[in-house]
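Asker: Generate a structure from the sequence data that follows.
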Amino acid sequence: MDAADFPELRTARFRLRRILPGDIATVFRGLSDPQVIAHYGVSFHSLEETRVQMAWYQRIDAEGTGRWWGICEPDAPAELIGAVGLNDIVARHRRGEVGYWLLPAHWGRGAATECLGAVVGHAFGAMGLHRLAAEVDVDNDRSVAVLRRLGFRFEGRRRGYEIKDGRHLDLDVYSRLATDPAPA
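Answerer: You can find the predicted model right below:
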């Protein structure tokens, strides 16, 4: 899929654009930052390792199993402040999972809620998905707050679902359906 086919999204304060190979340094900075990866399932120790993530962004878009956007401010489109997107899309069932991360300097500004809200709207609208889910580390109160503000509902806990730093983690599952009432 070429850049012309990739939908750019805009919010009141942000531009969501295709993640480009030149964004690798910022992706590495985010996905190696101890504050970001404390509750995130992916992390990297080198720029070279981060190439796996960059290839993943391209692969899921080409396969139609996901799409991730780089978040930037309109007056600085070359500089990412984070990323937001969809993965594990199953077209037959019209479902997918959401994810996002922000550089810590941009936390507390409502950026995650605003940008994820745009992706949710796009997923339910242009993409025609019916169900979106998110898996959240049980200690990630900030992400839970973002999801709740966007109308996601708690479904349950996956006990001992992932291993991180040598220990099993529980993940909470939140979801939202296209038919759910819009959040207030």
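Asker: Please make it C-alpha for all contacts and neighbour counts, starting now.
Answerer: Will do.
Asker: so what's the nearest residue to Arg18 once chain neighbours are set aside bridging to?
Answerer: Of all residues not flanking Arg18 in the chain, Trp69 sits nearest, at 5.1 Å (Cα to Cα, 6 or more residues apart in numbering). Note on Trp69: beta-bridge partners Arg18, Val84, judged by DSSP bridges.
Asker: just the strands in this protein please.
Answerer: 9-10, 15-18, 67-73, 76-90, 95-102, 131-137, 153-164, 167-177 (DSSP state E).
Asker: Show me what the third one is packed against.
Answerer: Think strand 67-73. Applying 3 or more Cα pairs under 8 Å, 6 or more residues apart in numbering; DSSP states H and E, we find strand 67-73 packed against strand 15-18, helix 47-63, strand 76-90.
Asker: circling back: so who does the residue nearest to Arg18 touch?
Answerer: Going by Cα atoms under 8 Å, 6 or more residues apart in numbering, Trp69 touches Leu16, Arg17, Arg18, Ile19, Ala83, Val84, Gly85.
Asker: Same list (the helices and strands packed on strand 67-73) but as JSON lines, adding mean pLDDT, distance to Val146 and mean neighbour count.
Answerer: Below are the helices and strands packed on strand 67-73 laid out as JSON lines (pLDDT from 0 to 100; distance: least, Cα to Cα, whole Å; neighbours: other Cα atoms under 10 Å):
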{"stretch": "strand 15-18", "mean pLDDT": "98", "distance to Val146": "18", "mean neighbour count": "22"}
{"stretch": "helix 47-63", "mean pLDDT": "96", "distance to Val146": "23", "mean neighbour count": "15"}
{"stretch": "strand 76-90", "mean pLDDT": "97", "distance to Val146": "13", "mean neighbour count": "20"}
